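S.K.: For reference, the sequence and a predicted model appear below.
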Amino acid sequence: MIDIAVLRNDPERVRENLKKKFQEKKLPLVDEALALDEKRRALQTEGDSLRASRNALSKQIGQLMREKKAAEAEEIKKQVNADADRLVRIEKETEETTAALTQVMMRIPNFISAETPIGKDDGENVERQRFLEPKTPDFEIPYHVDILEKLGGIDIESARRTSGQGFYYLTGDIARLHSAVLSYARDFMIDKGFTYCIPPYMIRSSVVSGVMSFEEMDGMMYKIEGEDLYLIGTSEHSMIGRFMGTTLEEKRLPQTLTSYSPCFRKEKGAHGIEERGIYRIHQFEKQEMIVICKPEESEAWYEKLWSYTVELFVSMGIPVRTLECCSGDLADLKYRSVDVEAWSPRQQKYFEVGSCSNLTDAQARRLNIRYKGEKGAAYCHTLNNTVVAPPRMLIAFLENHLRADGSVEIPEVLRPYMGGKSVINVL
């Protein structure tokens, strides 16, 4: 959510930002917000005037009563009562207008960075850098589910019977590899100075609306029937929500946190769910990194965060590249975002395995997360980034470490988490 003062003083900047994000349909929201803001301020002015008048008239009534002028005092009391009735109506109307303004403001996207390329969708994202040379072996690489099945590591048919499409069982060494990657990612981030957290996996609607746009919520979140609770789509949701309504001491910033959680997603929309694969699913696990910092620090943290993901993948021998997300591919609360993509030797292309975002103060304004320093209080900036999400990471891992006989080599960094095992063999 942007600052209402910015919209009030420079509405054209807001309109231009909407155009850059190809959200012209939201242009009427600017005038709607300005009208509601003007109405709210007029109501507040009238309310303040009535309160001041009430105080003055109350003193006048007291003086008249002391002077035994009861009749005159009664006439003024009538005015005080009339003003009190009007004040009740004003306060109710102010509350309603403020709520309506908040709803409109929450639909207006955050400003994008000057570094963000202008484009309509993810097809116009811009490559920034590549890490490790992509390699293609001299043998055919099967589809990732076929690799997993030969290793005795997946059971999709049983999961379809128990849970439906978009779920799977991981078994044996593949299940162990899945846990090993998460444990390695956890320790990797702890070594970077981050504090490890395990958050709640369900959050209230007030947190959901604070961390994402209405469109994202509808397309992602599972609602718990009969409860004001949602299953998290990523631990970022509850991790940022942890600071809702708080004012942090400046000396406590930055907050650098890494969190583990399962993630639950509807995956509603055009992508759908693959019939056999584990690329896009309803349930998975992820290691995340979260930073809450002062505004002047957020861009430096943005560059650090995505570089940690790159470093992690490179340490496991997986080639990756980074893409700067274009304006039309940015979710409404994002100021700037970079995707990390891993190389797929089978497909001869890169695919997304993580995303790093700087949301500036958009989430902090919605959730009222501030910090207090020598210059007073201000809104924090929030950032998040995927350390690793094993389902997609497993695809890249298997394809890049597959050997001609169907076995999969385990890189050195993961062997301590696999009991020293260096290879997963075909059953």
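M.R.: Received it, and whenever you're ready, just let me know what you need. Residues are numbered from 1 along each chain as shown.
S.K.: so where's the stretch 151-300 of the chain shaky on pLDDT?
M.R.: 268-276 (pLDDT under 70).
S.K.: List the buried residues of the helix ranked longest in the chain.
M.R.: Taking DSSP state H as the criterion, the chain has its longest helix at helix 28-66. For helix 28-66, a neighbour-count test (16 or more other Cβ atoms under 10 Å) marks 29-30, 32-34, 36-37, 39-40, 43, 47, 50, 54, 57, 61, 64 as buried. Any C-beta I mention is one placed from the backbone N, CA and C, and that applies to glycine too.
S.K.: nearest to Met418, of those residues?
M.R.: Met418 lies nearest to Leu29 out of these, by Cβ to Cβ, at 52.5 Å.
S.K.: ok, that closest one to Gln79 distance?
M.R.: 40 Å (Cβ to Cβ, to the nearest Å).
S.K.: re earlier: going on from the longest helix of the chain, what's the next piece of helix or strand?
M.R.: helix 70-105 (DSSP states H and E).
S.K.: What helices and strands are in contact with that next one?
M.R.: helix 4-9, helix 28-66 (3 or more Cβ pairs under 8 Å, 6 or more residues apart in numbering; DSSP states H and E).
S.K.: same question for the longest one, mean pLDDT?
M.R.: Mean pLDDT, helix 28-66: 85.
S.K.: same deal with the first one?
M.R.: Per-region confidence: helix 4-9 scores 95 on mean pLDDT.
S.K.: all helices for the stretch 251-400 of the chain, in order.
M.R.: Using DSSP state H, counting those that start in this stretch, the helices of the stretch 251-400 of the chain run over 298-315, 362-367, 390-401.
S.K.: residues in contact with the second one?
M.R.: Contact partners of helix 362-367, identified using Cβ atoms under 8 Å, 6 or more residues apart in numbering, comprise 1-3, 106, 110, 207, 209-211, 240-241, 243-245, 292, 333-335, 369-370, 379-382.
S.K.: Just give me how far it sits from the chain centre.
M.R.: 11 Å (Cα atoms, centre = their mean, to the nearest Å).
S.K.: OK, contacts around the closest residue to Met212 other than its chain neighbours?
M.R.: With sequence-adjacent residues excluded and distances taken as Cβ to Cβ, 6 or more residues apart in numbering, Met212 is closest to Leu333, at 6.6 Å. Neighbour list for Leu333: 1, 109-110, 211-213, 359, 362-363 [criterion: Cβ under 8 Å, 6+ apart].
S.K.: Now with 7 Å, please.
M.R.: The contact partners of Leu333, taken as Cβ atoms under 7 Å, 6 or more residues apart in numbering, are 110, 212-213, 359, 362-363.
S.K.: Could you do His144 as well?
M.R.: 277, 395, 398-399.
S.K.: Now it, what are its backbone angles?
M.R.: The phi and psi values for His144, taken as degrees, to the nearest 10, are phi -60, psi -30.
S.K.: how many neighbours does Ser422 have?
M.R.: Ser422: 11 surrounding residues under other Cβ atoms under 10 Å.
S.K.: which residue sits closest to Trp306 in space, ignoring its chain neighbours?
M.R.: Per Cβ to Cβ, 6+ apart, closest to Trp306 is Cys356, 3.9 Å.
S.K.: In CSV, list the helices and strands packed on helix 70-105 along with distance to Gln255.
M.R.: Formatted as CSV, these follow (distance: least, Cβ to Cβ, whole Å):
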stretch, distance to Gln255
helix 4-9, 26
helix 28-66, 31
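S.K.: just so I know, which of those lies nearest Glu288?
M.R.: helix 4-9 (29.8 Å).
S.K.: Can you point out the buried residues in the closest one?
M.R.: 4, 7.
S.K.: end-to-end on stretch 340-356?
M.R.: 8 Å (Cα to Cα, to the nearest Å).
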